[in-house]
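Q: A structural model of the following input is requested.
(one chain, ligands or ions: 2)
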Amino acid sequence: MRTCNILSIAGSDPSGGAGIQADLKTFSALGGYGMSVVTALTAQSTVGVTAVQEVPAEFVTRQLDTLLTDAQVDAVKIGMLGSAGVVGAVVKALDSYAPPNVVVDPVMVAKSGDRLLAPEAIAAVRADLLPRADLVTPNLPEAAELLGENERRDLSSMREQAERLLELGAKRVLLKGGHLSGQSSTDLLVTPDGLTETFSAERIPTRNTHGTGCTLSSAIAALRPQRRSYSEAVRDAKDYLTEALRHADELDAGRGKGPVHHFHRWWGSEA
Ligand SMILES: Nc1ncnc2c1ncn2[C@@H]1O[C@H](COP(=O)(O)OP(=O)(O)O)[C@@H](O)[C@H]1O
Ligand SMILES: Cc1ncc(COP(=O)(O)OP(=O)(O)O)c(N)n1
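A: Numbering: from 1, shown residues only. Ligands and ions are numbered 1, 2, ... in the order given. Below is the predicted model of the structure:
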């Protein structure tokens, strides 16, 4: 069987914990062949982001056209886009090349509190990008921003917010509960047929959670072509992330919130 090509359209994180670097590690660990289109450069460590350098939208288009006129991709993970211009460039490419399995992580603010999406670009993500997503994976603050509502902190309000996010046009919504507290970390998958599935994992007691959102969305993109459904891909992606969190304290990548560990040895089974 041909190895699946998985494309990350995202920003660079020199610390290797999030962004393009996390995505490519995840794709490789899960048996995919990773490709990347860089949308922004960040000067970033485990402590925080000190600067962001946008990639001009025209150059994002050039990267996408050059790659997608040559290679067939089996899934796309979209992360940090930075500006409305880059959102527009990505939307245009999705329309031109119609890649399958588009997973959108609507990255807005890093855990360090630094902004990774211009406030004026949120409207373009809502109106133009979400309707082209097979799955959107917001965390709780991102869901609230997309809906123009307050952040919700309980499962039944999360379910209502996920349903309202579906109305914005994404085919499926995985609302992530990593920002809640408690013994478990629970995410909700809502699909237009009215089904809601709960994915719960042990909450790993570590401060090294840099890149959890990037890792989860790229694991789903890598696994979707290898699984029968989004539900199976989310289940296995969350298992992969939970193990990467469990081993995070083995790394020493800086003084702040460290990255998760893309630990290869345990992973090997196919559905
Ligand atoms: N300490 C933890 N233990 C286990 N899973 C976690 C932990 N923190 C976050 N997660 C999981 O990581 C994924 C990303 O969650 P979240 O932190 O909400 O997103 P983001 O990184 O985009 O802010 C979710 O599946 C969430 O349940
Ligand atoms: C370049 C880049 N892209 C995305 C993020 C955000 O990553 P995420 O996994 O959502 O969470 P934190 O890294 O903020 O914990 C980023 N920081 N940098």
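Q: just for the chain, where's the confidence low?
A: Confidence mapping of the chain against pLDDT under 70 gives the ranges 264-271.
Q: Any idea how many residues pack against R115?
A: By the measure other CB atoms under 10 Å, the count of residues near R115 is 12. All C-beta atoms are positioned from the backbone trio N, CA, C, and that covers glycine.
Q: Apologies, that question was intended for P100.
A: 12.
Q: Next: E149.
A: 13.
Q: how about R2, phi and psi?
A: phi -70, psi 140 (degrees, to the nearest 10).
Q: Please apply the same query to E202.
A: phi -60, psi 130.
Q: what do you get for L241?
A: According to degrees, to the nearest 10, L241 has phi -60, psi -40.
Q: from now on call the first residue 598
A: Sure thing, new numbering starts at 598, so read that last one as L838.
Q: Quick check: residues of this protein near ligand 1?
A: Counting by CB under 6 Å from any ligand atom, the chain comes close to ligand 1 at 736, 773-776, 782, 784, 798, 800-801, 806, 809-810, 813, 835, 838-839, 842.
Q: what do you get if the cut-off is 5 Å, keeping everything else the same?
A: Counting by CB under 5 Å from any ligand atom, the residues of the chain close to ligand 1 are 736, 773, 775, 782, 784, 800-801, 806, 809-810, 813, 842.
Q: Near ligand 2, list only the ones from the residues you listed.
A: Answer for the residues of the chain next to ligand 1 near ligand 2 (CB under 5 Å from any ligand atom): G810.
Q: between the residues of the chain next to ligand 1, which is nearest G679?
A: G810 (15.9 Å; CB to CB).
Q: quick one: contacts for that closest one?
A: Each residue near G810 by CB atoms under 8 Å, 6 or more residues apart in numbering is listed here: 615, 702, 704, 734, 736, 773, 775.
Q: returning to that earlier point: quick check: the two most widely separated of the residues of the chain next to ligand 1?
A: N736 and I801 (16.6 Å).
Q: more neighbours, the two?
A: Remark: of N736 and I801, N736 carries more neighbours, 23 against 19, as counted by other CB under 10 Å.
Q: before we move on, the earlier item: among the contacts of G810, which lie within helices?
A: With helices defined by DSSP state H, no entry of the contacts of G810 lies inside them.
Q: Which member of those is positioned nearest ligand 1?
A: G775 (2.4 Å; CB to the nearest ligand atom).
Q: ok, the closest one - contacts?
A: 736, 782, 784, 806, 809-810.
Q: which residues in the stretch 748-868 of the chain form strands?
A: Using DSSP state E, counting those that start in this stretch, the strands of the stretch 748-868 of the chain run over residues 770-772, 781-787, 793-799.
Q: how far away is N602 from ligand 1?
A: 24 Å (CB to the nearest ligand atom, to the nearest Å).
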